[in-house]
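> Take this sequence and fold it.
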Amino acid sequence: MDTSIAIIGLVLTILIALPIFYSIRANSMNKSKIEKIKAEFSQNNRFKFETAETLNKKVLALDEKNKGFLLMDFNLKSEKNSFVDLKDIQTSKLVVTKDNSGETIAQIDLEFHYKENKKIKSVPFYKIENDQMGQLCLYEDHQLAKKYKQIIDNCISI
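The predicted structure follows:
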């Protein structure tokens with residue numbers, strides 16, 4: 001009887017501990033990956049991305065003092081990093097693209113207009129192809145894009 005209870009207890013412990021272990025391991029790998037990307041775009045410690053926010057496999061980092069913006073998108077289909085030096089930016093705009101029917105939002109981009117040569121850089125923020133559940137992340141991503149557009153505008157105006 002004691003042996004069977006010990007075996008059941010051991011199996012339950014393994015069933016509970018294994019997912020926790022893999023979750024902690026994945027989280028630490030993601031943190032080190034994020035820090036590596038931040039170091040890569042810091043341009044010899046010129047930018048220190050202290051403001052950071054994570055949502056739906058996206059990490060947004062901002063250096064308000066030195067005016068740098070970094071978007072890391074860790075989606076399964078296409079992992080992409082986008083960096084913008086906000087000192088060169090005149091204005092920013094949130095561009096919402098709808099599908100052919102005009103009802104469904106297909107893409108949200110942050111568009112940056114440069115001061116010189118009227119160049120435009122578009123940073124993809126949300127794509128429906130990357131949303132595995134079909135617009136499940138749309139509302140949260142749209143709200144986060146609006147929030148960061150406002151933060152970026154404040155940073156540009158200073």
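> so how far is Asp153 from Lys48?
With distances taken as Cβ to Cβ, to the nearest Å, Lys48 is found 21 Å from Asp153. All C-beta spots, glycine's among them, are computed from the backbone N, C-alpha and C.
> swap in Ile89?
As judged by Cβ to Cβ, Ile89 and Asp153 stand 10 Å apart.
> okay, these two: which has more neighbours?
Between Ile89 and Asp153, counting by other Cβ atoms under 10 Å, Ile89 is the more crowded of the two (19 against 14).
> Need the single longest helix in the chain, by residues.
Using DSSP state H to define each element, the chain has its longest helix at helix 2-41.
> name the helices or strands packed onto that helix?
Applying 3 or more Cβ pairs under 8 Å, 6 or more residues apart in numbering; DSSP states H and E, we find helix 2-41 packed against strand 68-74, strand 79-85.
> Which residues does the helix or strand of the chain with the lowest mean pLDDT contact?
Using mean pLDDT, DSSP states H and E, the weakest-scoring helix or strand in the chain turns out to be strand 51-55, at a mean of 79. The contact list for strand 51-55 (Cβ atoms under 8 Å, 6 or more residues apart in numbering) reads Ile34, Val59, Leu60, Ala61, Leu62, Asp63, Glu64, Glu140, Asp141, Leu144, Tyr148, Ile151.
> Can I get the buried ones among those residues as something I can paste into ChimeraX?
Selecting only the buried entries of those in ChimeraX, with 16 or more other Cβ atoms under 10 Å as the criterion:
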select :34,59,60,61,62,63,64,141,144,148,151
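> from the contacts of strand 51-55, which is closest to Ala17?
For these, the residue nearest Ala17 by Cβ to Cβ is Ile34; the value is 25.9 Å.
> Nearest residue to that closest one in space, ignoring adjacent ones along the chain?
Leaving aside its sequence neighbours, Ile34 sits nearest to Val59 (Cβ to Cβ, 6 or more residues apart in numbering; 5.6 Å).
> SS state for that neighbour?
At Val59 the chain is in strand, as set by DSSP: H, G, I helix; E, B strand; the rest coil.
> Run a quick neighbour tally on the spatially closest residue to Lys87 that is not a sequence neighbour.
Computed as Cβ to Cβ, 6+ apart, the closest residue to Lys87 that is not its neighbour in sequence is Lys67, at 4.8 Å. Neighbour count of Lys67, defined by other Cβ under 10 Å: 18.
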